[in-house]
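Q: Sequence first, predicted model second:
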Amino acid sequence: MSRRRPPGRAQPRLTCGRHVVTNPHRATDSTAGNGASPASSAPSATSAAISTSETTSPSAAASAPSEVPGSVSPFAGPSSPAAAGLPAASARALAALETARRRTAYLTDAVTEEDLIAQHSRLMSPLVWDLAHIANQEELWLVREAGGRPGLRPDLDHLYDAFQHPRADRPALPLLGPAQAREYVAAVREQTLEVLAAADTDPAGPEPLLAGAFVFGMLAQHEQQHDETMLATHQLRLGAPVLDAPAPPPAPADAATLPREVLVPGGPFVMGTSDEPWALDNERPQHSVDVPTFWLDTVPVTNAAYQEFIAAGGYRDPQWWTPQGWRHVQDAGLVAPLFWSRDGAGWTRRRFGHVEPVPADEPVLHVCWYEADAYARWAGRRLPTEAEWEKAARHDPATGRSRRYPWGDADPGPEHANLGQRHLRPAPAGSYPAGAAPSGARQLIGDVWEWTSSDFDPYPGFTAFPYKEYSEVFFGPEYKVLRGGAFGVDPVACRGTFRNWDYPIRRQIFAGFRTARSAAPGEDGDAR
Ligand SMILES: [Fe+2]
């Protein structure tokens with residue numbers, strides 16, 4: 001099969017990649033501010049049609065797939081009959097595409113049609129836009145570009161181009177309705193599977209898009225990133241809970257006695273990747289970075305620790321904030337993480353429709369970069385750089401090489417990390433000892449995205465692929481890098497080299513942080 005482009009059709013661009021989560025399309029952070037109803041201007045929630053139980057709506061329960069033992073994703077299914085006889089890369093792509101689709105179905109079947117059409121926050125698209133956009137991008141890239149086919153609905157391209165329409169404007173577009181969107185999604189997938197079955201995905205193949213099934217993996221990641229975005233929409237949505245998942249396991253016995261910080265000895269390490277098949281352009285190429293000795297928090301900053309910052313007047317004292325951060329705190333009226341409310345002397349939070357006391361031992365969530373940066377300064381520390389974070393997560397001092405993940409090269413398992421929407425919250429700090437890095441740091445992967453101090457910049461030797469709109473147009477000081485993924489991130493879109501980026505004001509994403517400090521004299525631990 002050749003990757004033929006229909007005559008007269010320009011090569012497509014992926015109209016959003018990582019930035020489906022991150023790119024707010026110039027929306028302002030109107031949900032900022034503690035306790036404010038983030039969707040107060042949204043159409044009324046359709047709670048009447050939704051189960052008022054504290055668990056799951058009937059529709060969600062009906063569509064939730066059964067979990068495959070040993071998989072980190074509850075949406076992974078048994079091997080599809082279509083996988084029989086496929087080359088390894090194609091079979092991996094099929095599994096990733098099917099896992100993503102089960103999660104998409106779960107997130108969109110869990111709510112009523114009215115809820116699918118509604119805009120729950122001006123920061124977010126209506127869920128039905130995400131649904132059809134997933135299919136439209138799949139049509140563009142897998143059916144037309146990879147398959148050389150004419151496509152199904154080129155007339156829809158402009159409606160679902162993220163660059164053409166800011167999220168706030170999307171409800172006014174003549175979008176496909178829920179039933180039409182679902183039909184479109186299914187029709188595209190039917191052709192995708194035909195294309196995949198015929199594709200030459202030999203890792204050594206001549207077509208960069210097809211080699212190793214890259215473009216199929218890219219679209220699986222794209223769909224999972226939209227699923228993460230839709231999960232954020234669910235969190236912003238008002239009304240009774242409709243999603244369900246078991247609680248994470250309790251913290252292991254040694255969590256309470258872990259050292260506060262771990263030492264990462266100075267010296268060079270390999271950052272980024274040149275051989276991870278589905279790594280995106282901004283993760284490439286691998287290169288050596290010399291990182292001076294530093295100390296990193298063993299676990300992410302907890303709600304209890306963050307409450308100390310609040311109680312100490314951290315939000316009222318400009319000495320902890322950058323000038324831009326202080327201006328934002330005042331303009332947006334920030335006094336606590338998003339979704340928190342005062343409850344006497346303590347705090348409650350709203351989490352996917354549940355109002356509950358803020359758990360002391362969980363990593364703090366829904367804080368912006370400015371808040372993370374201010375907390376770190378108040379604590380006498382700083383945010384880690386992106387290179388520090390990756391070195392702590394990947395560098396193996398015993399071998400000198402960088403691992404795919406903190407625990408090694410094996411794909412994530414349930415014992416390693418809180419990923420894949422397996423749970424609808426972070427696990428207690430100190431969890432997942434089997435996922436610890438050589439440095440001893442835990443939970444670098446999963447639980448919460450971690451803000452770093454770094455701007456989103458290209459690596460030396462960066463080459464845009466497939467197109468500059470994927471990453472290149474976002475490089476620069478406007479965005480800060482986040483690392484490690486969160487509980488709502490699927491493993492296909494999370495690895496030790498994966499880079500997320502967002503505005504420093506962004507709070508509705510599933511982001512927390514940990515802090516670092518440079519080693520003092522005598523603490524060098526230098527491995528050079
Ligand atoms: Fe997208």
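A: Nice, thanks for sending it over. Numbering: from 1, shown residues only.

Q: Strands of the stretch 301-450 of the chain, start to end?
A: Listed from the start of the chain, the stretch 301-450 of the chain has strands (DSSP state E, counting those that start in this stretch) covering 340-343, 346-351, 354-357, 449-456.

Q: contacting residues around the last one?
A: Spelled out, it's strand 449-456. For strand 449-456, the external contacting residues (Cβ atoms under 8 Å, 6 or more residues apart in numbering) are 282, 300, 367, 369, 372-373, 382-389, 444, 474-486, 489, 499-501, 509-514. Placement of C-beta: from N, CA and C, glycine included.

Q: Would you check how far apart whichever residue of the stretch 251-400 of the chain sits closest to the ion and Tyr503 are?
A: Going by Cβ to the ion, the ion is nearest to Leu280 of the stretch 251-400 of the chain, at 13.2 Å. Separation of Leu280 from Tyr503 (Cβ to Cβ, to the nearest Å): 20 Å.

Q: Contact residues of the stretch 51-200 of the chain facing the ion?
A: Counting by Cβ under 5 Å from the ion, the stretch 51-200 of the chain comes close to the ion at no residue.

Q: Pick the most buried one from the strands of the stretch 301-450 of the chain.
A: Burial of these is given as mean neighbour count (mean count of other Cβ atoms under 10 Å); strand 449-456 ranks first at a mean of 24.

Q: Which SSE is immediately downstream of that strand?
A: Once the chain leaves strand 449-456, the next helix or strand it forms, by DSSP states H and E, is strand 476-483.

Q: what's next to that following strand, contact-wise?
A: Taking contacts as Cβ under 8 Å, 6+ apart, the residues outside strand 476-483 that touch it are 22, 369, 386, 389-390, 393, 444, 449-457, 498-504, 509, 511.

Q: now the helices for the chain?
A: 19-22, 58-63, 88-109, 113-117, 127-138, 178-198, 214-236, 303-311, 323-332, 369-378, 386-394 (DSSP state H).

Q: Which one of those helices lies nearest to Gly267?
A: helix 386-394 (9.0 Å; Cβ to Cβ).

Q: now that closest one, how far from the chain's geometric center?
A: Helix 386-394 has its average C-alpha position 18 Å from the chain's average C-alpha position, going by Cα atoms, centre = their mean, to the nearest Å.

Q: If you count contacts, what does it end up packed against?
A: Packing partners of helix 386-394 (3 or more Cβ pairs under 8 Å, 6 or more residues apart in numbering; DSSP states H and E): strand 261-264, strand 267-271, strand 287-291, strand 294-297, strand 449-456, strand 476-483.

Q: who does the second one pair up with?
A: The reference is to strand 267-271. Within its sheet, strand 267-271 is paired with strand 287-291 (antiparallel), according to DSSP bridges.

Q: low-confidence ranges in this structure?
A: Under the criterion pLDDT under 70, the flagged ranges of the chain are 1-69, 524-528.

Q: Check it and tell me which residue is nearest its centre.
A: Taking Cα atoms, centre = their mean, the centroid of the chain lies closest to Val489, which sits 4.7 Å from it.

Q: Chain neighbours aside, what residue packs nearest to Ser454?
A: Spatial nearest neighbour of Ser454, chain neighbours left out: Glu386 (3.8 Å); criterion: Cβ to Cβ, 6 or more residues apart in numbering.

Q: Who are the contact partners of the one you found?
A: By Cβ under 8 Å, 6+ apart, the contact list for Glu386 reads 452-454, 481, 483, 499.

Q: How far does stretch 488-496 stretch from one end to the other?
A: The first and last residues of stretch 488-496 sit 16 Å apart, counting by Cα to Cα, to the nearest Å.

Q: who's in contact with it?
A: Outside of stretch 488-496, the residues that reach it under the criterion Cβ under 8 Å, 6+ apart are 72-73, 75, 96, 99-100, 103, 217, 220-221, 224-225, 227-228, 231-232, 276, 278-279, 390, 393-394, 402-406, 411-412, 419-421, 424, 445-446, 449, 484-485, 510.

Q: Can you give the distance of it from its chain's centre?
A: A distance of 7 Å separates the centroid of the chain from that of stretch 488-496, by Cα atoms, centre = their mean.

Q: same thing with stretch 223-234?
A: Mean-position distance between stretch 223-234 and its chain equals 8 Å (Cα atoms, centre = their mean).

Q: Likewise for stretch 494-501?
A: Taking mean C-alpha positions (Cα atoms, centre = their mean), stretch 494-501 and its chain are 9 Å apart.

Q: Can you give me the end-to-end span of it?
A: Using Cα to Cα, the gap from the first to the last residue of stretch 494-501 comes to 13 Å.

Q: try stretch 319-335
A: From the first residue to the last, stretch 319-335 extends over 16 Å; the measure is Cα to Cα.

Q: just stretch 477-492 next, same as before
A: 27 Å.

Q: Equivalent analysis for stretch 482-501, please.
A: Per Cα to Cα, the first residue of stretch 482-501 is 6 Å away from its last.

Q: So is that stretch next to the ion?
A: No. Interface with the ion: stretch 482-501 contributes nothing (Cβ under 5 Å from the ion), its closest point being 12.1 Å away.

Q: Tell me how far that stretch lies from the chain's centre.
A: The chain centroid and the centroid of stretch 482-501 are separated by 5 Å, computed with Cα atoms, centre = their mean.

Q: Tell me which residues of that stretch come out buried.
A: Buried residues in stretch 482-501, counted by 16 or more other Cβ atoms under 10 Å: 482-501.

Q: ok, now stretch 269-288?
A: Buried positions in stretch 269-288, judged by neighbour count with 16+ other Cβ under 10 Å: 269-273, 276, 278-286.
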